[in-house]
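only geometry, no sequence info:
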């Protein structure tokens with residue numbers, strides 16, 4: 001088995017996926033990790049001390065070079081963002097190269113464009129599995145799992161809380177994650193209301209949601225993400241879907257809200273803010289935020305003839321946000337190459353992956369995303385509707 005991780009040589013998520021795959025797959029013959037910054041990639045590969053890993057310099061805007069490299073592998077993992085800039089072209093290249101593909105796409109437009117590649121992927125005999133991270137990814141799978149236990153689902157709410165970003169002593173120098181977050185919190189964002197896609201102002205008044213302790217009752221804010229647009233496509237009857245997010249500790253949200261308002265009033269540019277925050281994260285004087293992640297997924301509708309909501313929520317104090325993304329992704333990769341055949345075509349996590357299968361692999365590898373989470377699944381006739 002030969003696997004290519006685009007962005008695996010320099011990004012926090014890609015590097016962690018590489019470590020897990022080397023540990024969890026004895027049949028892995030070659031793991032190629034790409035980067036623009038070869039100093040970081042070479043240092044990473046040297047520290048791994050595993051002759052199965054090869055670093056390669058790659059510019060993903062060079063289509064011919066990228067396709068040539070793809071064709072030397074059996075599976076492509078793409079963690080390069082922003083996906084609204086690079087995502088769809090990389091997906092199209094994978095189809096042209098006829099190589100199976102998995103990513104963590106977290107932007108709406110490339111996700112919708114990728115779904116249109118379904119017939120092309122089927123003709124090529126390959127699968128594209130999109131958005132297989134934490135949010136989106138696990139959020140989609142949990143929403144489908146909850147909805148399958150209900151007679152009717154009218155509304156879906158997904159929400160996350162994020163503390164420390166990454167565990168690396170030398171964090172990624174990329175700005176993709178920061179830029180994605182700032183974009184999702186500024187201007188008018190796309191969401192799903194009353195059966196259709198609509199635009200609403202970002203970062204509206206916060207909504208308090210219940211997470212397991214030690215997080216507890218926590219305020220989250222509406223932002224732009226793919227889940228509200230994709231979940232109604234695959235869960236019948238959904239009329240409203242929302243995604244919310246929040247930083248930990250809560251004081252960080254006040255700072256970010258001031259910054260996003262400055263962007264909305266054109267006092268600051270998004271690109272400047274993204275670069276500044278990324279530089280700040282790499283500074284020796286950076287603030288070391290606590291490790292804390294929260295997940296909240298609720299399906300509102302009817303179960304056993306009664307109206308209410310079925311909620312899954314989790315708190316984890318043992319993993320960073322990057323690890324919350326990389327560990328489910330790595331488990332999905334291991335699942336896909338170990339006999340869990342994904343049919344040719346374009347797939348989202350909720351149409352192709354079951355949480356039980358990921359849990360089995362994650363616990364076998366003792367990954368803290370799966371072994372250290374404090375989880376609750378609760379049915380209640382009191383609901384947390386966004387429409388209240």
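Perfect, I can see it now. Given the structure is predicted, the values throughout are model-derived calculations rather than measurements. Numbers count the residues shown, from 1 in each chain.

From now on I want contacts and neighbour counts done on CA atoms only, so please keep to that.
Noted.

residue boundaries of the helices in the stretch 101-250 of the chain?
Secondary structure of the stretch 101-250 of the chain (DSSP state H, counting those that start in this stretch): helices located at 108-115, 118-124, 138-147, 176-184, 227-234.

Could you list which residues are in contact with residue 3?
Neighbour list for residue 3: 28, 30-32, 73-77 [criterion: CA atoms under 8 Å, 6 or more residues apart in numbering].

That one belongs to a strand, doesn't it?
Yes. Judged by DSSP: H, G, I helix; E, B strand; the rest coil, residue 3 forms part of a strand.

Please tell me how far it sits from residue 18.
10 Å (CA to CA, to the nearest Å).

again, but for residue 107
For residue 107 relative to residue 18 (CA to CA), the value is 23 Å.

Could you break this structure into its assigned domains?
2-133+322-368, 138-321+371-380 (automatic domain parsing).

can you put those domains in TSV and add mean pLDDT and distance to residue 386?
Shown next, in TSV, are these (pLDDT from 0 to 100; distance: least, CA to CA, whole Å):
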stretch	mean pLDDT	distance to residue 386
domain 2-133+322-368	96	20
domain 138-321+371-380	90	7
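
Might you report the residue contacts of the spatially most distant residue from the centre of the chain?
Distance to the chain centre peaks in the chain at residue 305, reaching 34.0 Å (criterion: CA atoms, centre = their mean). Residue 305 sits next to residue 151 when contact means CA under 8 Å, 6+ apart.

how about the strands in the stretch 151-300 of the chain?
Ranges of strands within the stretch 151-300 of the chain are 152-162, 188-193, 196-201, 207-210, 217-222, 240-247, 293-303, based on DSSP state E, counting those that start in this stretch.

Sheet-wise, list the partners of the fourth one with their directions.
If you go by DSSP bridges, strand 207-210 pairs up with strand 217-222 (antiparallel).

which parts of the partner strand are buried?
By neighbour count with 16 or more other CA atoms under 10 Å, strand 217-222 contains the buried residues 218-222.

And those residues, which is closest to residue 113?
residue 222 (23.4 Å; CA to CA).

Give me the nearest residue to that closest one, chain neighbours excluded.
residue 244 (4.2 Å; CA to CA, 6 or more residues apart in numbering).

Return the most buried member of the helices of the stretch 101-250 of the chain.
Of the helices of the stretch 101-250 of the chain, the one with the most neighbours on average (mean count of other CA atoms under 10 Å) is helix 138-147, at a mean of 23.

ok, and what's touching it?
Here helix 138-147 has contacts from 132, 153, 156, 158, 227, 231, 235, 295, 297-299, 310-312, 328, 349-350, 353-355, using CA under 8 Å, 6+ apart.

before we move on, back to that, please produce JSON lines containing the helices of the stretch 101-250 of the chain, extended by distance to residue 378.
Formatted as JSON lines, these follow (distance: least, CA to CA, whole Å):
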{"stretch": "helix 108-115", "distance to residue 378": "29"}
{"stretch": "helix 118-124", "distance to residue 378": "36"}
{"stretch": "helix 138-147", "distance to residue 378": "10"}
{"stretch": "helix 176-184", "distance to residue 378": "29"}
{"stretch": "helix 227-234", "distance to residue 378": "21"}
